[in-house]
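Enquirer: Structure of the sequence below:
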Amino acid sequence: MNDVFFEERYALMRGRIQEIQKEEVVKEPYGEYFRKTADFILMVDNLYEKIQKGWLDSASQKELEENNHALYKDILPENYGASYGNPAYAQKMLGEEFGVLLSFLYAEIRGMVVFVYEKRLFDMTVVLELFVQIYNLFEEEEISAKDVKDAIYWYISDYSDEMVGYRVREGIDPSLDFAAKIICDSDLTDLRYLYKFGEYITENEIGMANFLNTLPEEKIQAMARTFTEGYREGFVLGGKDITKKKTVNIRFQLGFERIVKEEIRQFAEMGLQPVIYRSAVHSVNKKQHHRIGYYGAIPNQQFEYDHKDDAALYLDHEFIQRKLRVLQVAYEQVKELAAVHGGPACMETFGENPFVPKKTKEACTLTSHQQKLQVSYDNESGQIVNRYIKGEERSFTIIAYPVKEIGEKFEEIFEETVKLNTLDNELYRKIQQSIIDALDRGICVHILGKGENETDLTVSLHTLENPEKQTNFENCVADVNIPVGEVFTSPMLKGTNGTLAVSRVFLNGLEYRGLKLLFKDGRIAEYTCKNFETEEENKSFLKENLLHHHETLPLGEFAIGTNTTAYVMAQKYNIAHLLPILIAEKMGPHFAVGDTCYSWSEDTAVYNPDGKEIIARDNEVSILRKEDISKAYLGCHTDITIPYDELDKIWVEIENGENIEIIRDGKFVLEGTEKLNEPFCG
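Expert: Take a look at the predicted model:
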């Protein structure tokens, strides 16, 4: 991009917006909207000027805090009721026709906040041009909602080349090092560095950074080593050559920079440069309300949720085809970088206050046709990405730590989590092999809930043609998936029948109450929960957030979690409802709906430590890739765990009718698994 060219365009827009701030040409109530939004834009522009003059380095922490709060205060929960970012308020003030359109515009303009920190003049300029273009429409005597919607559509469509293209580069190009430079070049004991990212900063991020600064260097190194070694081990155990890779994508939440800085150093020893990108800002790059990349505090999760389906304003067949072409061209332009990208290394957090979304009827929602288009795009875009960053050549790792928000026992929980992340792999490997040996004798597994839990599910297993050399279950210890503790398989769909239920579970940041899924031949046939008052609302919530707009999903994974230490920690501190699925899935049997455990790499042979090949890498859906790849992948994989206290039994049915019990009354009873019950007695 030509900075001089965009500086001129940006200056022109800034001048026009300074005039808008004072004008009373547009009739009310719209005039008030444009003046207030202009106030916000000019506040951000003033910050841009200060940043260019070095203000971030000279400002005091108090000044930085005040500035940070000013940037985000209008969408904070206490102010959201009177914010144009709130679709309900926008519609109340601006009318049904224009409220949702102008709320979208306001949300898109808020992206300026982070763009001024990164000096992304193109992004700043084009959104201001959209604002002025729509303002000009409201200057006319007759205002057409169609014209406003068209302006939004063509803004998204025309600039998708740059917006989507830049997002692709962000994911694989180490020269886009805005965040990496802050982490590596800053004195991390001077917490003013946190405000250089442009994200919302609270006591949680400040407290986390302060806490990590109290830890000795050797502890930081050890924590980082657990993470980086897990990543390296993923390549080794998957039979993949890490020496062919040059970059690794590190994802984290602000406050953990001291660990990330050490991870960067350790990855460098492996020949890997960091790729650290921010969670998406432009609507065109967002995946609903999910944050993928690094981020700070979330100012208001309801705001994020209210705007998760803003794509409804522009999602049509032509746009989907254009976006797919843009994605293809973008990857082709950086194919050399894509080929040497190793995959993500993710640091998750837990302990944040649970979020139960409210259904805002004024917010955008996808039509059934748009839902199908979104499913189609997710499928085809996944194929494009996999052609350039090949599934059979990349790996990942993921780990989780608590944040200060978890409460007064944070330091105790943090220490327990560090121990959890470094449990004895060899001990678990041996115990889990006992479970696998029993499972491999079976034709199916039965899971039965206890008390009010209505789970009664039969999971069908693949047939082992050569049991001496083949297995159905992977023996999963702490490599890519930290902490240790599960055996898992991709089950057969035919013969997998029954009910999966759980009283309360958190999936991708959302709480599900009284979740119940009915499976017929391995596919979801019925679904419900108790989040909302009406069955219609509950089904809509599940279809959007669990089924990801699919009519049904297959059971892509069945696993038995063995990490009773994690379970006891959760009970001790009453934090089971706060744990991420990464840990929760190790605390009982879990079931993933969507793609299999081996999606996009089913043809790569995988072996357990005992030398047996894991042959359960496909099911009846994923195998369709050999005929029509568009039917093989769903673009989602969501784990649902039944905790031990809601579990009655798990047993394996042998072909001769014999049963082998693995768990009874929530305890392990299979010979060779006795040590797993020891934490229950502690």
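Enquirer: In terms of residue numbering, what are the domains of the chain?
Expert: According to automatic domain parsing, the chain comprises the domains 3-158, 178-399, 423-681.
Enquirer: Val164: which of those is closest?
Expert: domain 178-399 (4.8 Å; C-beta to C-beta). No exception for glycine: its C-beta is placed from N, CA and C like everyone else's.
Enquirer: returning to that earlier point: a markdown table please, covering the domains of the chain and showing mean neighbour count and mean pLDDT.
Expert: Below are these laid out as a markdown table (neighbours: other C-beta atoms under 10 Å; pLDDT from 0 to 100):
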| stretch | mean neighbour count | mean pLDDT |
| --- | --- | --- |
| domain 3-158 | 17 | 96 |
| domain 178-399 | 18 | 95 |
| domain 423-681 | 19 | 93 |
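Enquirer: Pro679 contacts Ala570, correct?
Expert: No - applying C-beta atoms under 8 Å, one finds Pro679 not in contact with Ala570, separated by 11.0 Å.
Enquirer: Touching the helix or strand Thr226 falls within from outside, list them.
Expert: For Thr226, the host element (DSSP states H and E) is helix 217-237. Residues from elsewhere that reach helix 217-237 (C-beta atoms under 8 Å, 6 or more residues apart in numbering): 212, 240-242, 245, 248, 258-259, 262-263, 265-267, 270, 342, 345, 347, 395-397, 399, 418, 421-422, 478-482.
Enquirer: from these, which ones fall inside strands?
Expert: Val248, Gly342, Ala345, Met347, Thr397, Ile399 (DSSP state E).
Enquirer: List the contacts of the second one.
Expert: It stands for Gly342. Counting by C-beta under 8 Å, 6+ apart, Gly342 touches Tyr231, Phe235, Ile242, Lys245, Lys246, Thr247, Val248, Leu272, Arg394, Ser395.
Enquirer: next one: the fifth one
Expert: Thr397 makes contact with Phe227, Thr228, Gly230, Tyr231, Gly234, Ala345, Cys346, Asp479, Val480, Asn481, Ile482, according to C-beta under 8 Å, 6+ apart.
Enquirer: closest to Ala280 among those residues?
Expert: Cys346 (15.7 Å).
Enquirer: In the protein, which helix is the longest?
Expert: In the chain, taking DSSP state H as the definition, the longest helix is helix 30-52.
Enquirer: Output that helix as CSV, nothing but the C-alphas.
Expert: What follows is helix 30-52, C-alpha atoms only, in CSV (Å, rounded to 0.1, in the frame of the first residue of the first chain):
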residue,chain,number,x,y,z
TYR,A,30,-29.8,10.5,12.6
GLY,A,31,-27.9,13.7,13.1
GLU,A,32,-27.2,12.9,16.7
TYR,A,33,-25.9,9.4,15.6
PHE,A,34,-23.5,10.9,13.1
ARG,A,35,-22.2,13.6,15.4
LYS,A,36,-21.6,11.2,18.3
THR,A,37,-19.8,8.8,15.9
ALA,A,38,-17.8,11.6,14.5
ASP,A,39,-16.8,12.5,18.1
PHE,A,40,-15.5,9.0,18.6
ILE,A,41,-13.6,9.0,15.2
LEU,A,42,-11.9,12.3,16.0
MET,A,43,-10.9,11.0,19.5
VAL,A,44,-9.3,8.0,17.9
ASP,A,45,-7.7,10.2,15.3
ASN,A,46,-6.2,12.5,18.0
LEU,A,47,-4.7,9.4,19.6
TYR,A,48,-3.2,8.4,16.2
GLU,A,49,-1.4,11.8,16.0
LYS,A,50,-0.1,11.3,19.5
ILE,A,51,1.2,7.8,18.8
GLN,A,52,3.1,9.1,15.8
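Enquirer: So which residues of the stretch 451-600 of the chain form strands?
Expert: Taking DSSP state E, counting those that start in this stretch, the strands of the stretch 451-600 of the chain run over residues 456-460, 470-471, 474-476, 486-489, 492-507, 510-520, 523-528, 555-561, 589-594.
Enquirer: Tell me which residues are up against the second one.
Expert: The one in question is strand 470-471. Against strand 470-471 from outside (C-beta under 8 Å, 6+ apart): Ile436, Asp440, Leu464, Asn608, Asp610, Lys612, Glu613, Ile614, Ile615.
Enquirer: List the pairing partners of it within its sheet, with orientation.
Expert: In the sheet, strand 470-471 lines up against strand 613-614 (parallel) (DSSP bridges).
Enquirer: now the fourth one
Expert: Next to strand 486-489 in the sheet, as set by DSSP bridges, lie strand 474-476 (antiparallel), strand 555-561 (antiparallel).
Enquirer: nearest residue to His462 other than its sequence neighbours?
Expert: Of all residues not flanking His462 in the chain, Ala616 sits nearest, at 4.6 Å (C-beta to C-beta, 6 or more residues apart in numbering).
Enquirer: rewinding a little: quick one: which of the contacts of Thr397 is nearest to Trp154?
Expert: Using C-beta to C-beta, these come closest to Trp154 at Cys346, 35.7 Å.
Enquirer: Please name the bridge partners of that closest one.
Expert: Arg251, Ile398.
Enquirer: returning to that earlier point: distance to Glu412 for the domains of the chain - can I get that in CSV?
Expert: Below are those laid out as CSV (distance: least, C-beta to C-beta, whole Å):
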stretch, distance to Glu412
domain 3-158, 28
domain 178-399, 12
domain 423-681, 7
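Enquirer: Tell me which of the ones you listed approaches Val168 most closely.
Expert: domain 178-399 (4.0 Å).
Enquirer: ends of that closest one, how far apart?
Expert: Terminal residues of domain 178-399 lie 24 Å apart, using C-alpha to C-alpha, to the nearest Å.
Enquirer: What of stretch 46-59?
Expert: For stretch 46-59, the end-to-end distance is 15 Å (C-alpha to C-alpha).
Enquirer: Likewise for stretch 195-206?
Expert: End to end - C-alpha to C-alpha - stretch 195-206 spans 10 Å.
Enquirer: now stretch 393-412
Expert: Taking C-alpha to C-alpha as the criterion, the two ends of stretch 393-412 lie 39 Å apart.
Enquirer: Please apply the same query to stretch 572-587.
Expert: 14 Å.
Enquirer: Over to stretch 271-280?
Expert: 27 Å.
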